[in-house]
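Trainee: predicted model and sequence below, questions to follow.
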Amino acid sequence: MTNARTVLVTGASRGIGKASAMAFAAEGCNVALTSRKIDTLDAVAAEIGDRFPGVGVLTHTAHAAEPDQAAAVVDAAVERFGAVDVLVNNAATNPYFGPLMEIDPVRAEKTVRLNQFGVVLWSQLVWKASMASRGGVIVNVASVGGLLTEPGIGYYNATKAAVIHLTRQMAAELAPGVRVNAVAPGIVRTQLARGLWENNEDLLNAKLPLGRIGEPDDVAGVITFLAGPASRWMTGQALVVDGGAQIRSPIA
């Protein structure tokens, strides 16, 4: 048990999840980290321990779309820290790139199960474990793609559009005790988005008003804002963080 806030981050071993864990640890929060591989999680935990001595850190593996595994993570976090005050629903997958007319049921179901139902699953678990009685904050990682049409990643974007709607729905259902907001990143230098930026970075940078693609820290700062007191009168919103991409015409 501790007086510090406890933040649970899914998909915490790299990218936006890792950056968010680091940002919360810098604020003195306890962090409960989960992803599928313990070695990468433990590496993040070790880095937090080196940079922020005294911060409570818990690592626990789970497939984010598996209810029993997710429940085990939440139970461990509550047992260790007493509650989950902030949930960051970050885990996502994109196993298919191509037109909607060619996606197969297996990859379609996998994408929906993690990206869409996973948000509901983890939110249900933390709600029942502690937020129903003491309140809290949920931050969902959506995507600017949930507001656009794009070639190749249309099905992934559809699940992110669902995350934006689920954010609004959960905010309405869980108010006033729990605030629920989302961040909608543009192209960020992560492993998940590598196929979008790796061979196109110079072109992308030239098209963005702010002159560069995003870094995980750019999004993590918005996530900590949405989880903190400065956003205390916000709920049901999706903040776009895209380097200004949507304010410039694609033919400019």
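Mentor: Here it is on my side, so go on.

Trainee: who are the contact partners of the residue most central in space within the chain?
Mentor: In the chain, the C-alpha nearest the mean C-alpha coordinate belongs to Asn90, at 2.2 Å (C-alpha atoms, centre = their mean). Going by C-beta atoms under 8 Å, 6 or more residues apart in numbering, Asn90 touches Val9, Thr10, Gly11, Ala12, Ile16, Gly17, Ser20, Val141. C-beta here means a position set from N, CA and C on the backbone, and glycine is covered the same way.

Trainee: look up how far Ala72 lies from it.
Mentor: From Asn90 over to Ala72 the distance is 18 Å, taken as C-beta to C-beta, to the nearest Å.

Trainee: same check on Asn199?
Mentor: In terms of C-beta to C-beta, Asn199 sits 39 Å off from Ala72.

Trainee: ditto for Thr167
Mentor: In terms of C-beta to C-beta, Thr167 sits 25 Å off from Ala72.

Trainee: ditto for Gly17
Mentor: Look at Gly17 and Ala72: by C-beta to C-beta, they are 18 Å apart.

Trainee: now swap in Gly211 and tell me
Mentor: From Gly211 over to Ala72 (counting by C-beta to C-beta), the distance is 44 Å.

Trainee: Ser123 sits in which helix or strand?
Mentor: Ser123 belongs to helix 118-126 when elements are defined using DSSP states H and E.

Trainee: same question for Ala32.
Mentor: strand 30-35.

Trainee: same question for Asp50.
Mentor: Assigned by DSSP H and E, Asp50 falls within helix 38-51.

Trainee: residues contacting that helix, please?
Mentor: By C-beta under 8 Å, 6+ apart, helix 38-51 touches 12-14, 18, 21-22, 25-26, 31, 33-35, 55, 57, 59-61.

Trainee: what do you get if the cut-off is 7 Å, keeping everything else the same?
Mentor: Residues from elsewhere that reach helix 38-51, judged by C-beta atoms under 7 Å, 6 or more residues apart in numbering: 12-14, 18, 21-22, 25, 31, 33, 35, 55, 57, 59, 61.
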